[in-house]
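> no sequence on this one, just coordinates:
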């Protein structure tokens, strides 16, 4: 009877291990070649797409020109935002790249969805004067256009994160 119980336990453990391995392989299917992924692979879920394709593989982009990330992103950038560093107003250490316009960001937050904004830290920091020139006239500030894209493409990425939102703050009461 003991032998039957032991054999039964081994069979159960083996089946569980096989199931776990199959599940792990299925979860990792997107990681095999993230550069080949498209937004369609994520059924339009921009957050999951950016998390998997860019953020989970950010080590690949660190130390490289921003153009490498832009080429892999395959999602249009709407605007960019920046502010001078507190300890040195002549430099800008990071820039926020907005995928959505302000209205869509507000709508997503109201619906309890997290909008995707990439925050890129630069090495070396950018010159605030250069960004102010790129920023443009009132009403077009931070607009993503070929001139701005050409400037950012040449900058070196130090780190990439996404904006974290507290969704509780945006829920309708």
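Right, received. Where do you want to start? Source: prediction; values computed, not measured. Residues are numbered from 1 along each chain as shown.
> Can you measure across stretch 109-116, start residue to end residue?
With Cα to Cα, to the nearest Å applied, stretch 109-116 spans 11 Å between its terminal residues.
> So residue 40 belongs to a helix, correct?
Yes: assessed by DSSP: H, G, I helix; E, B strand; the rest coil, residue 40 belongs to a helix.
> how many other residues sit next to residue 119?
When neighbours are counted by other Cβ atoms under 10 Å, residue 119 registers 15. In short, each C-beta sits where N, CA and C put it, glycine included.
> who does it bridge with?
Assessed by DSSP bridges, residue 119 has beta-bridge partners residue 96, residue 161.
> For residue 53, see how far away it is.
Plainly put, residue 119 is 16 Å away from residue 53 if you go by Cβ to Cβ, to the nearest Å.
> before we move on, what about residue 127?
To residue 53, residue 127 is 30 Å away according to Cβ to Cβ.
> more neighbours, those two?
Ranked by neighbour count (other Cβ under 10 Å), residue 127 and residue 53 place residue 53 first, with 24 against 12.
> That one contacts residue 69, doesn't it?
No: in this structure, residue 53 is not within contact of residue 69 by Cβ atoms under 8 Å, at 9.9 Å.
> Local confidence estimate at the spatially most central residue of the chain?
In the chain, the residue lying closest to the centroid (Cα atoms, centre = their mean) is residue 50, at 4.2 Å. Per-residue pLDDT puts residue 50 at 93.
> And the pLDDT for the nearest residue to it once chain neighbours are set aside?
Excluding the flanking residues, the one nearest residue 50 by Cβ to Cβ, 6 or more residues apart in numbering is residue 116, at 5.0 Å. We have a pLDDT of 90 for residue 116.
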